[in-house]
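# Sequence plus the predicted model coming up.
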Number of protein chains: 4
Amino acid sequence: MTTVVVYYSGYGHTKVVAERVAEGANASLIAIDNNGDIQESDWQQLNEAKTIIFGAPTYMGGVPWQFKKFADATSKPWFSRAWQDKLFAGFSNSASLNGDKQVSLQYLQTLASQHGGIWISLGMLPANTQAATRQDLNNLGGSVGLLVQSPSDAGVEAMASGDLDTAVKFGERIAAVSARFN
Amino acid sequence: MTTVVVYYSGYGHTKVVAERVAEGANASLIAIDNNGDIQESDWQQLNEAKTIIFGAPTYMGGVPWQFKKFADATSKPWFSRAWQDKLFAGFSNSASLNGDKQVSLQYLQTLASQHGGIWISLGMLPANTQAATRQDLNNLGGSVGLLVQSPSDAGVEAMASGDLDTAVKFGERIAAVSARFN
Amino acid sequence: MTTVVVYYSGYGHTKVVAERVAEGANASLIAIDNNGDIQESDWQQLNEAKTIIFGAPTYMGGVPWQFKKFADATSKPWFSRAWQDKLFAGFSNSASLNGDKQVSLQYLQTLASQHGGIWISLGMLPANTQAATRQDLNNLGGSVGLLVQSPSDAGVEAMASGDLDTAVKFGERIAAVSARFN
Amino acid sequence: MTTVVVYYSGYGHTKVVAERVAEGANASLIAIDNNGDIQESDWQQLNEAKTIIFGAPTYMGGVPWQFKKFADATSKPWFSRAWQDKLFAGFSNSASLNGDKQVSLQYLQTLASQHGGIWISLGMLPANTQAATRQDLNNLGGSVGLLVQSPSDAGVEAMASGDLDTAVKFGERIAAVSARFN
């Protein structure tokens, strides 16, 4: 049984997050293309997966249309209940510390529920003292899923190390929870 | 100053709702096409509008990708603050009485906030006694915006009259509130 | 390992739902009192539970203050991560078909995530054809959790049988999913 | 016609935010007490206000029970539509940069909609470049309302100046929008 990260990345930052989550979760990666499509073999992989991790940036207060086009295309497994009881988790990345990333995570969580899924939360306390920095684990203080910030003028090399380390830990948690579910 | 209903309709039901809201609000209509696009003249109309009403069905727990493609394209007026202080309102339609229509309305409301907008709620008490029927105003009990149900096997002629009457009243309310805002 | 339904009921309707969910899940019941408190032994039971089911009506667009007082008091197990990796699920009841029950469910889901929990969705397709009635399973069309409607003038004996049957099935599903998690 | 900030503050930080918003909005202040109550004269002031600003910290993923007890008590003006067409706005404060503040803002927005209100968003672009600091306006990147962070070990004197400056600007915006509404 496998774990799959299915994500859309507009400028490469969310791709880096997806790779770190996949590294921690020992997961394979499916990239949604700029037209909102994935390959036929990708659908097969998703149907066979035990755990599916959704990833998307937050654009204009929600997941990009390309991710939503993928989500709309899951109406086929929705109708046949093909994804019932799969495990799900999710992450979002945006330019602001807060932004409306939570709206994206709520959507990913709703999508998982539409499929009759089981949602794995981030599972880490926040680093929110005065001494906390962007190099700490869960410095943004997520709970529903992983939150990542990429400043509007930052290349992928300038993403906060703490957010990316959190991505790896989140992947490890997803793997550990998935292993407990038979 | 004008009011515009910008909507996506996949099978015609949401189009009927949009027309009823527009009737009440004395608004013009802009239909997002199946590729998620609108015309250049539509953008001009939106930029000049005093009030913008968003309408979309709920697919897989959120607005369809075509509506989101439109929303993502509003990043241009977002960046220039061209829509700041406009009035906004919204509605969603789906096959279930509840479904996840609220998730769509929350998204529409978030999109309006991204633009620095002012949100007009539905403004009607629900009809929720034992004697209430689907012919009553606001029988679904919306508050953030207008909620409409179209059963999964119903043509547009079989939509509940109460929901459509509520659409007209909602349009009238939007017109009245807009008139008070200088 | 046990399952516990912890709920607040203002007028008795949500109590009936809690009992039906508990019947399906073979769960014990903890009632939050009108002051928002539970007993010390209840806290022990929650700490020892494998699965916790949250239940509350929707008042003024969210869970009642009594439920929230309970939620705020869970900051103690939150801080010590005592509830990490527990399974959670939830339900809400209100007078309208839709109302803002989704806002309550989103809150319950957020609370579970704060605790590092794993959320079990409703897992049933909606009954949303023209022939569907309030006697059908999941006629309201929930996905995140169980939705129940109790008309504003209805006693507990007048609650829709379909909603209550859905409550039992939801409990059974929670038990089945919990059994698969080691 | 007046503007009122009604808020709950557990440790004093949210009180400071409320005062800054009130300064900008030329508003009076109503503090919800530790039992979730306000005075009879406060209710009169709210009933007569043109604009009501809700403020609360985020505890365990939502507004504290004391604020919710106040919200539940607004069922009286809800039923009589006494607050219909009032203007509303809101803010939330928590220890994390993100946390689940958005869930609180969504609740405040839902409460305003229950009352048939009109919601004023934050209306500022975020400061989210690499050079941005916690001394900038809207550094957290709110849109629905004002977001404030108070680190878990920070006294009120250590709150970020940028967040508090944003609070004043937000108040000024609310005053300007309110003045345009007749």
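Great, that's in hand. Numbers count the residues shown, from 1 in each chain, chains lettered A, B, ... in the order given.

# Alongside chain B, which residues does chain A contribute?
Contact residues, chain A versus chain B (Cβ under 8 Å from any Cβ of the partner chain): A:36, A:59-66, A:68-69, A:71-72, A:74-75, A:78, A:100, A:103, A:106-107, A:110-111, A:113-114. Backbone N, C-alpha and C define where each C-beta goes, glycine included.

# Buried among those? Need that as a selection in ChimeraX.
To isolate the buried members of the residues of chain A next to chain B in ChimeraX, using 16 or more other Cβ atoms under 10 Å in any protein chain shown:
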select /A:36,59,60,61,62,63,64,65,66,68,69,71,72,74,78,100,103,106,107,110,111,113,114
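
# of the residues of chain A next to chain B, list those near chain D.
Restricting those to contacts with chain D (Cβ under 8 Å from any Cβ) yields A:Gly61, A:Asp100, A:Val103.

# Name the nearest of these relative to C:Glu40.
Of all those, A:Val103 has the smallest distance to C:Glu40: 38.5 Å, by Cβ to Cβ.

# And the closest one, which helix or strand is it part of?
Using DSSP states H and E, A:Val103 sits within helix A:101-114.

# contacting residues around A:Tyr52?
Small correction: residue A:52 is Ile, not Tyr. Residues in contact with A:Ile52, defined by Cβ atoms under 8 Å, 6 or more residues apart in numbering or on different chains, are A:Thr3, A:Val4, A:Val6, A:Leu46, A:Trp83, A:Lys86, A:Leu87, A:Phe88, A:Ala112, A:Gly117.

# ok, back up a step: can you give the strand pairings for the next helix or strand after the helix holding A:Val103, parallel or anti for each?
Next helix or strand after helix A:101-114 toward the C-terminus (DSSP H and E): strand A:118-120. Strand pairing for strand A:118-120, determined by DSSP bridges: strand A:87-94 (parallel), strand C:118-120 (antiparallel).

# can you tell me if the helix or strand just after the shortest one touches chain A.
Using DSSP H and E, the helix or strand that follows strand C:118-120 towards the C-terminus is strand C:146-149. No - applying Cβ under 8 Å from any Cβ, one finds strand C:146-149 separated from chain A by no less than 11.5 Å.

# for strand C:146-149, packing partners?
Contacts defined by 3 or more Cβ pairs under 8 Å, 6 or more residues apart in numbering or on different chains; DSSP states H and E place strand C:146-149 against helix C:13-25, strand C:87-94, helix C:161-179.

# avg pLDDT for it?
Strand C:146-149 shows a mean pLDDT of 98.

# what residues does that strand touch?
B:98, B:128, C:13-14, C:17, C:21, C:89-97, C:99, C:101, C:105, C:122, C:134, C:140-141, C:159-160, C:163-164, C:166-167, C:170.

# mind running it again at 6 Å?
Contacts of strand C:146-149 from elsewhere in the structure, counted by Cβ atoms under 6 Å, 6 or more residues apart in numbering or on different chains, are B:Asn98, C:Val17, C:Phe91, C:Asn93, C:Leu97, C:Lys101, C:Leu122, C:Leu140, C:Asp163, C:Ala167, C:Phe170.

# Direction included, what does the host helix or strand of A:Val5 pair against?
Assessed by DSSP H and E, A:Val5 sits inside strand A:3-7. Using DSSP bridges, the strands paired with strand A:3-7 are strand A:28-31 (parallel), strand A:51-57 (parallel).

# looking at the ones you listed, which is buried most?
strand A:51-57 (a mean of 28; mean count of other Cβ atoms under 10 Å in any protein chain shown).

# Report the angle between that one and helix A:13-25.
160 degrees (axes from the mean of the first three to the mean of the last three Cα atoms, to 10 degrees).

# Specify the angle between strand A:51-57 and helix A:101-114 in degrees.
150 degrees.

# Report the mean per-residue pLDDT for strand A:51-57.
Average pLDDT, strand A:51-57: 98.

# which residues touch A:Met1?
So A:Met1 contacts A:Lys50 (Cβ under 6 Å, 6+ apart).

# ok, now how distant is it from A:Glu48?
Separation of A:Met1 from A:Glu48 (Cβ to Cβ, to the nearest Å): 8 Å.

# repeat for A:Ala82
Separation of A:Ala82 from A:Glu48 (Cβ to Cβ) stands at 10 Å.

# Please identify which of these two sits among more neighbours.
Taking other Cβ atoms under 10 Å in any protein chain shown, A:Ala82 and A:Glu48 do not tie; A:Ala82 has more neighbours (16 against 11).

# Just give the nearest non-adjacent residue to that one, would you?
Take A:Ala82 and drop its neighbours on the chain: the residue closest to it by Cβ to Cβ, 6 or more residues apart in numbering or on different chains is A:Asn47, 5.6 Å away.

# On the pLDDT front, check A:Ala25 for me.
pLDDT, A:Ala25: 98.

# can I assume A:Arg173 is in contact with A:Gly123?
Yes - look at A:Arg173 against A:Gly123 with Cβ atoms under 6 Å: they come within range, at 5.2 Å.

# dump the residue contacts of the nearest residue to A:Glu172 once chain neighbours are set aside.
Excluding its sequence neighbours, the residue lying closest to A:Glu172 (Cβ to Cβ, 6+ apart) is A:Gly24, at 4.2 Å. Contacts for A:Gly24 (Cβ under 6 Å, 6+ apart) come out as A:Val168, A:Gly171, A:Glu172.
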